[in-house]
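S.K.: Quick one: sequence plus predicted model below, questions after.
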Amino acid sequence: MTDDTKSGLRKGLTNYGDKEFSLFLRRVFIKAMGYSDDALDRPIIGIIDTYSDFNPCHGNVPELVEAVKRGVMLAGGMPMAFPTISIHESFAHPTSMFLRNLMALDTEEMIRAQPMDAVVVIGGCDKTIPAQLMGAASANIPAIVVPTGPMLVGHYQGEVLGACTDCRRLWGQFRAGDRTEGEMDEISGRLAPTKGTCMVMGTASTIACMVEALGMSLPGSATIPATHADRIRVAEASGAAAIMLAREGLTPKTIMTKAAIRNALVVLQAIGGSTNGLVHLTAIAGRLGIEIDLEEFDRMGLDVPVLIDLKPSGQHYMEHFHWAGGMPRLFKELGELIDTSHPTVSGGSLADSAALADMVKGQDVIRSRANPIHQGGGLAVLRGNLAPRGALIKRSAASSALLQHEGRAVVFDSLEDMANRIDSDDLDVAADDVLVLRNAGPVGAPGMPEAGYIPIPRKLARAGVKDMVRMSDARMSGTAFGSIVLHITPEAAVGGPLALVRNGDRIRLDTAARRVDLLVSDEELARRKAEWVAPAEPAGSERGYLRLFLDQVTQADQGCDFAFCIPKAG
Ligand code: FES
């Protein structure tokens, strides 16, 4: 036996004080699975299996695991699948973001603890791939991502439906009294008709596109429908690519460089992607010691038009994006706006990917730069006395008339306060007011839930009001539409200026000048600050993961990662 501890089964031996015995014992136990010595001496490729009965977005994971295994074996390796936690948006209390960092820790430590020469991570639902990339970046062994892929569109009464932009739109109609309970029951079976991730340009699709731009997945990986045979084939190819990555020693640090992160930011703007994309990329980049410059991202927005016509900013769905040419076609249209020379897990570059683009004639989903959906990018970064460390607005999903707006603040102190009062006929609110929700940030809620899509108060919805300016320290689902300022940083629960807003204050949103300001004097704000008392911590916060979360979670401008997971500068 050799004491080479760098590869295969010999990697990361369990400590018994005798390396030879550790390796012997490892072989003893793994042979119980029926593996031959030949199999065990091959390069080992870990495959992260995130199947869960609670996670329909990962419903095709078993097939993908099998396909990755086949690809690994065809390339001469030994596949070893193992589980980590799995998070679905609608089955995570209090919110999936609360659990993202737990999944990142799980992913990092299980990659590090078990012997593997490369790892294939299979994820999809919103927080899962960010968590997996955070973990893989920190573990820094060769890694490749296989997204589960978007679900197919739904149909109802001749209308094409998509989760979850239409979930929110139709729920809004129900709240306004325009839909019956019977209709909603029927619709609930139509909105998410197959396994896979939400098929609009929500967070899952945004992340899958950014991952392909980062070079961490094979061409086509972002957009192939979850249920299409090509999804199986790209999983098989990813298994084979993992062997190449192991052989070449191409780690996430060598792929996810500053230039790759910049490419992902350009793509985030060009696809009219989810605001969550910025928080997650900040966390992933932070694991690699790369800081995202919010001002540069905002300037990028002036040069990078929105080219993808997908809901919620546009009309189409992910399967249409795929058949129009997918990300390779987008790379081609972006041209010199991205660095196409950058290496990817395919062994080639984004230029190679762009060269493969299917130049579909007559398609109108992927626009040219001469004919964009929106001239400026999708996301704008705001500053001002209400958001000293930044806030975000998704311009492409907002009402243009509300991008410049001044109004009276109507404040909700918490999610519970909002739930209790928003639909009250006694609520003093008008269509030109500014709805403010606070204590819904990383610490406040906790977990920065997707509550920024504050519902239009029922009495205004019934009067036909479709959009209002809304502001919070929360996040918003990438599938939502509206004139909504998010991620106000620092959040109210840690004493940010949002904590000082009072009912009736004037707030000005000036998107053109990138400002969001509370029109109250500095003296008055200082007086309010002196009186401010931090909100009580939630029940159960004295122990366990919640305690760790409250002590360690950073603000949105640091990606809401745990402070102890971000490497020290230098
Ligand atoms: Fe999983 Fe939308 S709920 S991607």
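M.R.: Structure's in. What do you need?
S.K.: What residues sit buried inside the strand ranked longest in the chain?
M.R.: Longest strand in the chain, counting residues (DSSP state E): strand 404-412. Neighbour counts over strand 404-412 (16 or more other CB atoms under 10 Å) mark 405, 407, 409-412 as buried. Backbone N, C-alpha and C define where each C-beta goes, glycine included.
S.K.: Closest one of the residues you listed to the ligand?
M.R.: Ranked by distance to the ligand (CB to the nearest ligand atom), the buried residues of strand 404-412 are led by residue 412 at 25.2 Å.
S.K.: can you pull the contacts of the closest one?
M.R.: Counting by CB atoms under 8 Å, 6 or more residues apart in numbering, residue 412 touches 418, 421-422, 435-438, 454.
S.K.: Equivalent analysis for residue 107, please.
M.R.: Contacts of residue 107 by CB under 8 Å, 6+ apart are 48, 84, 121, 131-132, 134-136, 139.
S.K.: Look up the closest residue to it, ignoring the ones flanking it.
M.R.: residue 135 (2.9 Å; CB to CB, 6 or more residues apart in numbering).
S.K.: Just list the residues touching the residue lying closest to residue 161 once chain neighbours are set aside, thanks.
M.R.: Using CB to CB, 6+ apart and skipping residues adjacent in sequence, the residue nearest residue 161 is residue 154, 4.0 Å away. When contacts are counted by CB under 8 Å, 6+ apart, residue 154 touches 160-163, 166, 190-193.
S.K.: tell me the phi and psi of residue 154?
M.R.: Backbone torsions of residue 154, given as degrees, to the nearest 10, read phi -100, psi 170.
S.K.: what's the pLDDT at it?
M.R.: Model confidence at residue 154, expressed as pLDDT, equals 95.
S.K.: do residue 2 as well
M.R.: 39.
S.K.: Which parts of the chain are strands?
M.R.: Going by DSSP E, the chain shows strands at 44-49, 78-83, 118-123, 143-147, 154-156, 159-161, 379-382, 391-394, 404-412, 434-437, 469-472, 484-486, 506-510, 515-518.
S.K.: CSV for these, including distance to the ligand?
M.R.: As requested, these are exported to CSV (distance: least, CB to the nearest ligand atom, whole Å):
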stretch, distance to the ligand
strand 44-49, 17
strand 78-83, 18
strand 118-123, 10
strand 143-147, 10
strand 154-156, 13
strand 159-161, 14
strand 379-382, 19
strand 391-394, 17
strand 404-412, 25
strand 434-437, 22
strand 469-472, 21
strand 484-486, 18
strand 506-510, 28
strand 515-518, 28
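S.K.: Out of these, flag the one nearest residue 91.
M.R.: strand 118-123 (15.1 Å; CB to CB).
S.K.: Poorly predicted segments of this protein, please.
M.R.: 1-5, 479, 570 (pLDDT under 70).
S.K.: Check whether the residue nearest to residue 107 really touches residue 106, as I assumed.
M.R.: Yes: Residue 135 is within contact range of residue 106, at 7.2 Å (criterion: CB atoms under 8 Å).
S.K.: what about those two, which has more around it?
M.R.: The neighbour comparison of residue 135 against residue 106 (other CB atoms under 10 Å) goes to residue 135, with 29 against 18.
S.K.: and the more buried one, what does it touch?
M.R.: Neighbours of residue 135 in contact, by CB under 8 Å, 6+ apart: 103-109, 111.
S.K.: Quick one, which of those residues are buried?
M.R.: In the contacts of residue 135, burial by neighbour count holds for 103-108, 111, counting by 16+ other CB under 10 Å.
S.K.: what number of residues lie near the residue in the stretch 201-350 of the chain that the ligand sits nearest to?
M.R.: Of all residues in the stretch 201-350 of the chain, the one sitting closest to the ligand is residue 204 (3.5 Å; CB to the nearest ligand atom). Neighbour count of residue 204, defined by other CB under 10 Å: 34.
S.K.: contacting residues around it?
M.R.: Per CB under 8 Å, 6+ apart, neighbours of residue 204: 57, 124-126, 129, 147, 150, 197-198, 478.
S.K.: Quick one: those residues as TSV, columns for neighbour count too.
M.R.: Shown next, in TSV, are the contacts of residue 204 (neighbours: other CB atoms under 10 Å):
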residue	neighbour count
57	31
124	32
125	28
126	31
129	30
147	32
150	34
197	30
198	30
478	27
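S.K.: And those residues, which is closest to residue 210?
M.R.: Nearest to residue 210 among those is residue 129, at 9.1 Å by CB to CB.
S.K.: gap between that closest one and the ligand?
M.R.: Between residue 129 and the ligand the computed distance is 10 Å (CB to the nearest ligand atom, to the nearest Å).
S.K.: Would you agree that residue is in contact with residue 145?
M.R.: Yes: with contact defined as CB under 8 Å, residue 129 reaches residue 145; the gap is 6.1 Å.
S.K.: and stretch 278-295, how far apart are its ends?
M.R.: 13 Å (CA to CA, to the nearest Å).
S.K.: Just the residues contacting it, thanks.
M.R.: Outside stretch 278-295, the residues touching it (CB under 8 Å, 6+ apart) are 100, 104, 127, 130, 133-134, 137-138, 203, 207, 210, 252-253, 256-258, 261, 264-265, 268, 297, 379, 381, 390, 392, 448, 475, 487, 556-561, 565-567, 569.
S.K.: Buried members of those into ChimeraX, please.
M.R.: To isolate the buried members of the contacts of stretch 278-295 in ChimeraX, using 16+ other CB under 10 Å:
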select :100,104,127,130,133,134,137,138,203,207,210,252,256,257,261,264,265,268,297,379,381,390,392,448,475,487,556,557,558,559,560,561,565,566
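S.K.: need the longest helix for this protein.
M.R.: In the chain, with assignment by DSSP state H, the single longest helix is helix 229-248.
S.K.: packing partners for it?
M.R.: strand 44-49, helix 61-74, strand 118-123, strand 143-147 (3 or more CB pairs under 8 Å, 6 or more residues apart in numbering; DSSP states H and E).
S.K.: Put the alpha carbons of the shortest one into PDB.
M.R.: These are the backbone C-alpha positions of strand 143-147, laid out as PDB (Å, rounded to 0.1, in the frame of the first residue of the first chain):
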ATOM      1  CA  ALA A 143     -16.300  20.700  -9.300                       C
ATOM      2  CA  ILE A 144     -19.000  20.900 -11.900                       C
ATOM      3  CA  VAL A 145     -22.700  21.900 -11.600                       C
ATOM      4  CA  VAL A 146     -25.700  20.000 -13.100                       C
ATOM      5  CA  PRO A 147     -28.800  22.000 -12.600                       C
END
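S.K.: buried set for that strand?
M.R.: Buried positions in strand 143-147, judged by neighbour count with 16+ other CB under 10 Å: 143-147.
S.K.: same deal with the longest one?
M.R.: Taking 16+ other CB under 10 Å as the basis for neighbour counts, the residues of helix 61-74 that come out buried are 61, 63-73.
S.K.: The ligand contacts on the chain?
M.R.: Residues of the chain lying near the ligand by CB under 6 Å from any ligand atom: 57, 88-89, 125-126, 197-198, 202, 204.
S.K.: From the residues you listed, which land in helices?
M.R.: Going by DSSP H, the helices hold residue 204 from the residues of the chain next to the ligand.
S.K.: farthest-separated two in the residues of the chain next to the ligand?
M.R.: 88 and 202 (13.4 Å).
S.K.: And these two? Which one has more around it.
M.R.: Each of residue 88 and residue 202 has its neighbours counted (other CB under 10 Å); residue 202 has more, 29 against 20.
S.K.: From residue 421, how far out is the more buried one?
M.R.: Using CB to CB, to the nearest Å, we find residue 202 at a distance of 28 Å from residue 421.
S.K.: thinking again about what came up before, is it possible to get CSV of the buried residues of strand 143-147 that adds distance to residue 222?
M.R.: Shown next, in CSV, are these (distance: CB to CB, whole Å):
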residue, distance to residue 222
143, 17
144, 13
145, 10
146, 11
147, 6
